[in-house]
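Take a look and give me a structure for this.
(one chain, ligands or ions: 3)
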Amino acid sequence: MSAVFSCVTPRSAVCAHLDPHDRFSPALRVTGKRAGLVFPLLIQGSSGLFFCFISISPQLCGVVGLEIHAQIHSNSKLFSSSRVTFYSPPNSSVAFLDASLPGTLPVLNKRCVEAAVITGLAFNCTINRKSLFDRKHYFYADMPAGYQITQQRLPIAVNGLLNYSYLGGKKRGQVMSRRVRIKQIQLEQDSGKSLHDEQNSQTLIDLNRAGVGLMELVMEADMSCGDEAAAAVRELQLILQALDTCQGNMSEGQLRVDANVSVHRPGEPLGVRTEVKNINSARFVARAIDYEIQRQIKVLESGGTVVNETRAFDNKSGTTVSMRDKEGLQDYRFMPEPNLPPLFVYEGVASVPAGVDPAQVVLIDRLEAELPELPGVRRARLVEQYRILPEHSFTLVNEDGLVDYFERVIQNAKAEPRKVIGWVMQELLSNLHQQGLKNLHVHQWPMTLSAVFQEMWKTPEKTVRQLVKELDLGLVSDQEQLLKICQRVVDTHPEQVKAGNKKVLNKLMGAVQKETKGRADPVQVKALLEKMTS
Ligand SMILES: Nc1ncnc2c1ncn2[C@@H]1O[C@H](COP(=O)(O)OP(=O)(O)OP(=O)(O)O)[C@@H](O)[C@H]1O
Ligand SMILES: [Mg+2]
Ligand SMILES: [Mg+2]
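Ligands and ions are numbered 1, 2, ... in the order given. Got it, this is the predicted structure:
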């Protein structure tokens, strides 16, 4: 005798059952419309033992695929010689080509090609020896040509892999390792910026960004939640920064993420995706995706359907809102770019055809030989060399500049690395955090800390207070003196002050610390500079 029970379990329990490394193994997996896991069960009934099946219908789970636009770190644009700048006055860095004046032709920037090849190599991509450029048509005021030059048919790099890890699990103390496939990396132009003047109901166009070189990295839909996606973005950012192919400053739009999100029951085909566009921080990537997964689950569970559309993340409310319907409306009318020949890159000097100057072409073997130590390798080295915990190697590598700081302290203090790491993790970071200085660049941290630390190892009988006094390492906290220094720094950085964002504040703080050899009281300096630049 057998019976089928449908049973609803908490979402977490079902997700655990579906994990590939799961300790349960279902007796039977039903796919298709009646997807679910079926377990045999022995039940003690009044008339004796009987056998039944219990069927657990898996819950809806998120599926995430990212498209990442990374601004190539280059002095000039992808097809013109105008400068790539962020702080310049509007429309001050626009070549005739960027404004799409008739009679202008694109000239490919070699540095941008090299950057895409270096990036492709770092992700173990196949580098296409020949790639092609296409026109993708949009009608936006900030795209004067009416199309963007991109690589749709044959991109420069394909089939790569990004390995990344993050701290997850209970109390976020467990290193979770993941990998996501990179489908392709394509070279393309950025658009200009539209600035909406609500008061006068008009839109102003700034073409400084128009034509800047981008690498679009398209990932396969291999992720399942916000945390995974944010960690992948963070790792990608670290890698690009290590390669120096993109500076990766998300608040300046150098790295922009489009998150494609759908939900489905494992074993069933993928669901309809929505695309949350232009997310500009890793934290928002996680929040936008998790919100979107829950929204789609609610839509489906209440009998609705998910529409293929473009959405935007509103960080104030933590929600995503519909921007436009994607299906049907978006016809890009792709066509080959007639003004650019195919792009060829070569394996090495030996493969360059006769009559072609090797200095003028991109050679893969040269770029490969110059690849720097990447974050994953660096973490492994730190664990091996200093015998520190893998999770500590994460914090060290993920905080900009912290590894150098750590290694410098070890060298200066000749101290046991595991003691230094304890001090860095527990004392240094938590103190910086408490004082609201976590966002400072590591080079702006009071260097006196490492000097005091060094002395502590030599003379453990002395207190920190004594050492600071003896070594004259105390903080400069005289308000008058600080005011003068800050004013001087503000006066000597007029352009940056005018741009007035958070990053600028950090730069100015760095300049003050440089003048005072890291001894200025950072809390006071921050307050003073904030006042002066607001
Ligand atoms: N069902 C799905 N759920 C989640 N992500 C998906 C799904 N199907 C595709 N994706 C992801 O969507 C992205 C598609 O990017 P792609 O550049 O190929 O096309 P596009 O989004 O139509 O083009 P555009 O560059 O104009 O945005 C990839 O990152 C892919 O992994
Ligand atoms: Mg795309
Ligand atoms: Mg897309």
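
what residues does the stretch 101-250 of the chain put near ligand 1?
With Cβ under 6 Å from any ligand atom as the criterion, the stretch 101-250 of the chain meets ligand 1 at residues 218, 219, 220, 221. (C-beta placed from N, C-alpha, C; glycine too.)

Would you mind measuring from the last one to ligand 3?
When Cβ to the ion, to the nearest Å is applied, the distance between residue 221 and ligand 3 equals 12 Å.

Excluding covalently adjacent residues, which one is nearest to that residue?
residue 65 (3.4 Å; Cβ to Cβ, 6 or more residues apart in numbering).

tell me which element that neighbour falls in.
strand 61-71 (DSSP states H and E).

Tell me, how many residues neighbour the residue of the chain found nearest ligand 1?
At 2.3 Å from ligand 1, residue 65 is the closest residue in the chain, using Cβ to the nearest ligand atom. Counted with other Cβ atoms under 10 Å, the neighbours of residue 65 add up to 22.

partners of it in the sheet?
Beta-bridge partners of residue 65, counted by DSSP bridges, are residue 260.

List, one by one, the residues from this protein near ligand 3.
67, 258 (Cβ under 5 Å from the ion).

if we can go back for a sec, my guess is the residue nearest to residue 221 contacts residue 224. True?
No: Residue 65 lies out of contact with residue 224 (Cβ atoms under 8 Å); the separation is 10.7 Å.

before we move on, the earlier item: out of the residues of the stretch 101-250 of the chain next to ligand 1, name the ones that lie in helices.
Among these, none falls in helices (DSSP state H).

residue contacts, whichever residue of the stretch 101-250 of the chain sits closest to ligand 3?
Nearest to ligand 3 in the stretch 101-250 of the chain, going by Cβ to the ion, is residue 218, at a distance of 7.9 Å. Each residue near residue 218 by Cβ atoms under 8 Å, 6 or more residues apart in numbering is listed here: 65, 67, 182, 183, 184, 185, 186.

List the buried residues of stretch 485-499.
Neighbour counts over stretch 485-499 (16 or more other Cβ atoms under 10 Å) mark 485, 486, 489, 490, 493, 496, 497 as buried.

Select, from those residues, the two members most distant in space.
Using Cβ to Cβ, the two most remote members of the buried residues of stretch 485-499 are 485 and 496, lying 16.5 Å apart.

avg pLDDT for stretch 512-529?
For stretch 512-529, mean pLDDT rounds to 84.

count of residues packed around the residue lying closest to residue 349 once chain neighbours are set aside?
The shortest distance from residue 349 to any non-neighbouring residue, by Cβ to Cβ, 6+ apart, is to residue 358 (4.9 Å). Other residues near residue 358 number 13, with proximity taken as other Cβ under 10 Å.

cool, and residue 401?
For residue 401, using other Cβ under 10 Å, the count is 14.

Over to residue 427?
12.

quick one: it is in a helix?
Yes: counting by DSSP: H, G, I helix; E, B strand; the rest coil, residue 427 is found in a helix.

Most proximal residue of the stretch 51-200 of the chain with respect to ligand 3?
residue 67 (4.7 Å).

Identify the residues contacting that residue.
216, 217, 218, 219, 257, 258, 260.

Next one: the first one, what pLDDT does it get?
Same thing as residue 216. For residue 216, pLDDT reads 98.

Quick check: chain neighbours aside, which residue is closest to it?
residue 186 (5.0 Å).

again, but for the fifth one
Taking Cβ to Cβ, 6+ apart, and ignoring the residues beside it in sequence, residue 257 has residue 279 as its nearest neighbour in space, at 4.5 Å.

What count of nearby residues applies to the one you found?
Other residues within reach of residue 279, judged by other Cβ under 10 Å, total 28.
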